[in-house]
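*Asks:* Model the structure of this input:
(one chain, ligands or ions: 1)
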Amino acid sequence: MAELTERPFPPGDYPLIVVGSGPGGLQVSSALRGYGIEHALLSAEEQPGGMFRRWPFFQRLLSWTKPYAPVARGTRPYERYDWNSLIPETDEHRAVMVGLMDGTSYFPSRPEMQAGLEAFVSRTGLPVRFGCRWTATRRLDDGRFALETSDGEYTAGTLVFAVGVAEPWRPTSPGMELAAHYADTQPVEHYADRRIFIIGKQNSGFELASGMLPWARRIVIASPSPAKLSVNTHSLVGIRARYVQPYEDHVLGGGVAILDAAIEGIERGTGGAAPFRVITRRSTDSVEMVFEADDVIAATGFVAPLLDLPALGVTTFGQSRLPAQTPFWESATIPGIFFAGTIGQGSAGLKKNGIPSNSGAVQGARYNARVLAGHIARSRFGYVPDRPSVAPADVLELLLEELTLGPELWHQRAYLARVLSLDPGDGIRDEGILPLAWFVDAGGPDAIAATLETDGTGAVYPVIYLRRSGAVSEHPIEAHPLLDYRTEAARRDLAAILALILA
Ligand SMILES: Cc1cc2nc3c(=O)[nH]c(=O)nc-3n(C[C@H](O)[C@H](O)[C@H](O)COP(=O)(O)OP(=O)(O)OC[C@H]3O[C@@H](n4cnc5c(N)ncnc54)[C@H](O)[C@@H]3O)c2cc1C
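*Replies:* Modelled structure (predicted):
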């Protein structure tokens, strides 16, 4: 750790600057080093880990790492079962998390996750300038950028912001300022024998309710729309099964109420009543319901701390104020500004069957960061990638193997794809993992993209996209219950699809 205490990257000019030492910043910096791209990595914090140094509040993640899996630990296919380790550029530092977990749960505790991120930094020797807060941004006359920080001024032609989406946000309903935010949750003993009103039916609201079940006298969880479960949405966007216990408590009449209602106001209780009155209006029949509560908590979400980037011209959208991004996570409005980590959700991809990517969580964002590093290396630093040549006879097996074992396709369904390009003069080249939205929209020479998709029924199946003379066609392959596509049926289906382009 000596390198860390010497504070690398003093203020000055750098080809590229990455801001943030959560999983997003660490992953993109590690991958940029893999490409040999000189850059500075700055973070406001004193240690690596980002949001996981504080949250989840009840100290247990919702993303799993399975110590025992059908494939060998520490291999690339094992990443499919280990959602929480960052991906190093050398094999010896793979699967950091599994060695740090105590075996009581396959969801790591928050301290285990923090230890995993710290271990990634110390084992890979990733230099980070800690205690350096970015405070303002300017555009220089030559088009480059200047970052003002608590340590002085930095300049660079390319910026990557991995500043997370963890700044508390609450709506503006009357009295909402009386509610504590998720970020201000008290130690759990505070809630003993109290009536808790939680606003918001996303993971953070259910996480708090789960943690308070042994303590609270009564819990009401309310927001206008019904809760969506991750098992229904087939993504992390719904409530994870890990947090479903309050829902079961509600259904079995244990004292938790889950209510579809708009919050019309929060008032202070008077005359010996409970400290708060929450006035709600039921979504189904517009009936007013008033609840007395000892604590009101707004689990209403988080925004990205973009500081003055919107004033610089970075367009944002939605409640989380995510920057609008290209498929390669570049600001849609200010070229040269890129985003990594959970903020990459602003590049939504195709959302096939309405199902979003996993870019908001580590297991999705870590692959985005690696693809982003490759894209920055190519597009801004003249890096010439190795594009291995593939013999026509090997295409079928390569794709079946990738569809069965490739972690990028598994975690980022209909979002990242394995791409092969076909040039009549140059033959077939392996272009690696690239964003599917880019493949579909960008045009270009004939090519094949292989991805996995899901349709909301629980099936996960391969889809092959062919680009022929500029037109893209889509070819699904039937789902296999064990998700193994090295079968005769898949081989036959894929061969028929490839014949359309390889002939
Ligand atoms: C309550 C909650 C629970 C979650 N649980 C999980 C989970 O179990 N599993 C999972 O995969 N994901 C989870 N997530 C999503 C999670 O946020 C991401 O997976 C992960 O933390 C994102 O990493 P990141 O690097 O993008 O951002 P963060 O971890 O938020 O890191 C942001 C970094 O940017 C730095 N920074 C911010 N502003 C500045 C500035 N002005 N100057 C310098 N540095 C700055 C911060 O110091 C920090 O180092 C959860 C999110 C929330 C809100």
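
*Asks:* How about the residues of the protein by the ligand?
*Replies:* Contact residues (Cβ under 6 Å from any ligand atom) of the chain with the ligand: 19-25, 42-45, 50-52, 55-56, 61-63, 133-134, 162-164, 166, 204, 302, 305, 341-343, 360-362. For glycine as for every other residue, the C-beta is placed from the backbone atoms N, C-alpha and C.

*Asks:* Among those, which are located in helices?
*Replies:* Among those, the members found in helices (DSSP state H) are 23, 24, 25, 204, 362.

*Asks:* Quick check: the farthest pair among those?
*Replies:* Farthest-apart pair in these is 25 and 204; separation 22.1 Å (Cβ to Cβ).

*Asks:* So which of these two has more stuff around it?
*Replies:* Remark: of residue 25 and residue 204, residue 25 carries more neighbours, 27 against 24, as counted by other Cβ atoms under 10 Å.

*Asks:* and the nearest residue to the more buried one once chain neighbours are set aside, what is it in contact with?
*Replies:* Nearest non-adjacent residue to residue 25, counting by Cβ to Cβ, 6 or more residues apart in numbering: residue 162, 3.6 Å away. Going by Cβ atoms under 8 Å, 6 or more residues apart in numbering, residue 162 touches 18, 19, 20, 22, 24, 25, 28, 339, 340, 341, 343, 369.

*Asks:* Adding distance to residue 325 and pLDDT, write the ones in helices among the residues of the chain next to the ligand out as TSV.
*Replies:* Below are these laid out as TSV (distance: Cβ to Cβ, whole Å; pLDDT from 0 to 100):
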residue	distance to residue 325	pLDDT
23	18	98
24	13	98
25	16	98
204	24	95
362	19	98
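
*Asks:* Identify, from the residues you listed, the entry nearest to residue 95.
*Replies:* When these are compared against residue 95 (criterion: Cβ to Cβ), the nearest one is residue 362, at 13.3 Å.

*Asks:* you'd agree that closest one is up against residue 83?
*Replies:* Yes: between residue 362 and residue 83 a contact is recorded at 6.3 Å, counting by Cβ atoms under 8 Å.

*Asks:* and for the two, which residues touch both?
*Replies:* In contact with both residue 362 and residue 83: residue 63, using Cβ under 8 Å, 6+ apart.

*Asks:* what's the helix or strand for residue 119?
*Replies:* Assigned by DSSP states H and E, residue 119 belongs to helix 110-124.

*Asks:* who does that helix touch, helix- and strand-wise?
*Replies:* helix 23-34 (3 or more Cβ pairs under 8 Å, 6 or more residues apart in numbering; DSSP states H and E).

*Asks:* Next, the angle helix 110-124 makes with the helix it packs on.
*Replies:* Here helix 23-34 runs at an angle of 10 degrees relative to helix 110-124 (axes from the mean of the first three to the mean of the last three Cα atoms, to 10 degrees).

*Asks:* just use 225 as the starting number from now, easier for me
*Replies:* Will do, 225 is the new start, and the previous item becomes helix 247-258.

*Asks:* just the CA coordinates of helix 247-258, formatted as CSV?
*Replies:* Extracted in CSV, the C-alpha atoms of helix 247-258 (Å, rounded to 0.1, in the frame of the first residue of the first chain):
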residue,chain,number,x,y,z
PRO,A,247,-16.2,-0.3,-8.3
GLY,A,248,-16.8,1.7,-11.6
GLY,A,249,-13.7,3.9,-11.3
LEU,A,250,-11.5,1.1,-10.1
GLN,A,251,-12.6,-1.2,-13.0
VAL,A,252,-12.2,1.3,-15.7
SER,A,253,-8.8,2.4,-14.4
SER,A,254,-7.6,-1.2,-14.2
ALA,A,255,-8.7,-1.8,-17.8
LEU,A,256,-7.1,1.4,-19.1
ARG,A,257,-3.8,0.3,-17.5
GLY,A,258,-4.3,-3.0,-19.3
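
*Asks:* show me the contacts for whichever residue of the stretch 325-474 of the chain sits closest to the ligand.
*Replies:* In the stretch 325-474 of the chain, no residue comes nearer to the ligand than residue 388, which is 2.2 Å away by Cβ to the nearest ligand atom. Going by Cβ under 8 Å, 6+ apart, residue 388 touches 244, 246, 248, 274, 275, 528, 529, 565, 566, 567.

*Asks:* surely the first one meets residue 274?
*Replies:* The one in question is residue 244. Yes: the pair residue 244 / residue 274 is scored as a contact, 6.6 Å apart, by Cβ under 8 Å.

*Asks:* neighbour-wise, which of the two wins?
*Replies:* residue 244 (29 against 26).

*Asks:* tell me the phi and psi of that one?
*Replies:* Residue 244 adopts backbone torsions of phi 120, psi 130, taken as degrees, to the nearest 10.

*Asks:* Skipping adjacent residues, who's closest to it in space?
*Replies:* Among residues not flanking residue 244 along the chain, residue 386 sits closest, at 3.5 Å (Cβ to Cβ, 6+ apart).

*Asks:* any idea how far residue 612 is from that neighbour?
*Replies:* 30 Å (Cβ to Cβ, to the nearest Å).

*Asks:* roughly how far out does stretch 579-596 sit from the chain middle?
*Replies:* 5 Å (Cα atoms, centre = their mean, to the nearest Å).

*Asks:* Distance-wise, check residue 656 relative to residue 553.
*Replies:* Taken as Cβ to Cβ, the span from residue 656 to residue 553 is 16 Å.

*Asks:* One more: residue 472?
*Replies:* Residue 472 is 38 Å from residue 553, by Cβ to Cβ.

*Asks:* the more surrounded of these two?
*Replies:* residue 553 (29 against 10).

*Asks:* Confirm for me that the more buried one is in contact with residue 569.
*Replies:* No: counting by Cβ under 8 Å, residue 569 is not a contact partner of residue 553; they are 9.9 Å apart.

*Asks:* quick one on the thing from earlier: can you give me the buried ones in the helix holding residue 343?
*Replies:* Across helix 334-348, burial judged by 16 or more other Cβ atoms under 10 Å covers 334, 336, 337, 338, 339, 340, 341, 342, 343, 344, 345, 348.

*Asks:* Can you lay out those as TSV showing distance to residue 719?
*Replies:* Shown next, in TSV, are the buried residues of helix 334-348 (distance: Cβ to Cβ, whole Å):
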residue	distance to residue 719
334	48
336	45
337	43
338	48
339	47
340	42
341	43
342	48
343	44
344	41
345	46
348	41
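
*Asks:* Which one of those is nearest to residue 445?
*Replies:* Among the buried residues of helix 334-348, and counting by Cβ to Cβ, the member closest to residue 445 is residue 334, at 22.1 Å.
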